[in-house]
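Asker: sequence below, structure please.
(chains A and B)
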Amino acid sequence: DAKTTQPPSMDCAEGRAANLPCNHSTISGNEYVYWYRQIHSQGPQYIIHGLKNNETNEMASLIITEDRKSSTLILPHATLRDTAVYYCIVRENQGDYKLSFGAGTTVTVRA
Amino acid sequence: GAGVSQSPSNKVTEKGKDVELRCDPISGHTALYWYRQSLGQGLEFLIYFQGNSAPDKSGLPSDRFSAERTGGSVSTLTIQRTQQEDSAVYLCASSWDRVFGPGTRLTVL
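Answerer: Reported below is the predicted structural model:
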């Protein structure tokens, strides 16, 4: 019973923006959207999270639709080091620690 | 320390042997988590420590798995009588699981 759906893979040109979609149509009012990524042979890395407002940090931007049923992670200027599996999950902020990832989106940044 | 560290980075063992995996969380973080990730699979929650509270062990797959956290800092995950299906990357995280360690890759032959 996956709570999010993501495309299995996508390619992106180096230097261009990468837009990663995520559907979470059953999200509840107290659940946040979190994004993590996992570079090969490394542990997961937190990227960003949001509730309903768009968020931006030094790594990425998160755009959440008004109905909160989907979101997009934006990597503004993708580099080869951004090649990784990107995971979108929904969870209660801090209260839901039993983190679990689905298959995610494998993003390949090409020179 | 600056991040979460885990040791060993790789562990190869024979079926039936016991193994101990170590996690050093970020100094001062009271929350510590263990997860595992099998090849091609998603992340699986194992156990959660928060301060002096009783740990949430609900994710441990069998009674061969146990974990302790001494002094509210370092944690050890122990797997007794290892089986081949225990082969996975074991990940430790602290601070409401936003900071993960590099993991220990366990291979049971």
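Asker: helix, strand, or coil at residue B:71?
Answerer: Going by DSSP: H, G, I helix; E, B strand; the rest coil, the secondary structure assigned to residue B:71 is helix.
Asker: just the strands in chain B please.
Answerer: Chain-ordered strands for chain B, with DSSP state E as the definition, fall at B:5-7, B:10-13, B:19-24, B:31-37, B:43-50, B:65-69, B:75-79, B:88-94, B:99-100, B:104-108.
Asker: the fourth one vs strand B:19-24, what angle?
Answerer: Relative orientation of strand B:31-37 and strand B:19-24, computed by axes from the mean of the first three to the mean of the last three Cα atoms, to 10 degrees: 130 degrees.
Asker: now strand B:31-37 against strand B:88-94, angle please.
Answerer: Computed by the same axes, to 10 degrees, the angle between strand B:31-37 and strand B:88-94 is 160 degrees.
Asker: mind putting the strands of chain B in a markdown table, mean neighbour count included?
Answerer: Quick note: C-beta positions are derived from backbone N, CA and C, even for glycine. Compiled in a markdown table, these are given as follows (neighbours: other Cβ atoms under 10 Å in any protein chain shown):
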| stretch | mean neighbour count |
| --- | --- |
| strand B:5-7 | 18 |
| strand B:10-13 | 14 |
| strand B:19-24 | 19 |
| strand B:31-37 | 24 |
| strand B:43-50 | 21 |
| strand B:65-69 | 17 |
| strand B:75-79 | 20 |
| strand B:88-94 | 24 |
| strand B:99-100 | 22 |
| strand B:104-108 | 19 |
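Asker: put the alpha carbons of stretch B:75-91 into PDB.
Answerer: Output of stretch B:75-91 as PDB, limited to C-alpha atoms (Å, rounded to 0.1, in the frame of the first residue of the first chain):
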ATOM      1  CA  SER B  75      24.600   1.700  19.800                       C
ATOM      2  CA  THR B  76      25.300  -1.900  18.900                       C
ATOM      3  CA  LEU B  77      23.100  -4.100  16.800                       C
ATOM      4  CA  THR B  78      23.700  -7.800  17.300                       C
ATOM      5  CA  ILE B  79      22.600 -10.600  15.000                       C
ATOM      6  CA  GLN B  80      22.900 -14.100  16.400                       C
ATOM      7  CA  ARG B  81      23.100 -17.200  14.300                       C
ATOM      8  CA  THR B  82      23.200 -15.200  11.100                       C
ATOM      9  CA  GLN B  83      21.200 -16.500   8.100                       C
ATOM     10  CA  GLN B  84      21.800 -15.700   4.400                       C
ATOM     11  CA  GLU B  85      18.600 -13.600   4.400                       C
ATOM     12  CA  ASP B  86      20.200 -11.300   6.900                       C
ATOM     13  CA  SER B  87      22.600 -10.100   4.100                       C
ATOM     14  CA  ALA B  88      21.800  -6.400   3.700                       C
ATOM     15  CA  VAL B  89      23.200  -2.900   4.400                       C
ATOM     16  CA  TYR B  90      22.500  -1.900   8.000                       C
ATOM     17  CA  LEU B  91      22.000   1.800   8.400                       C
END
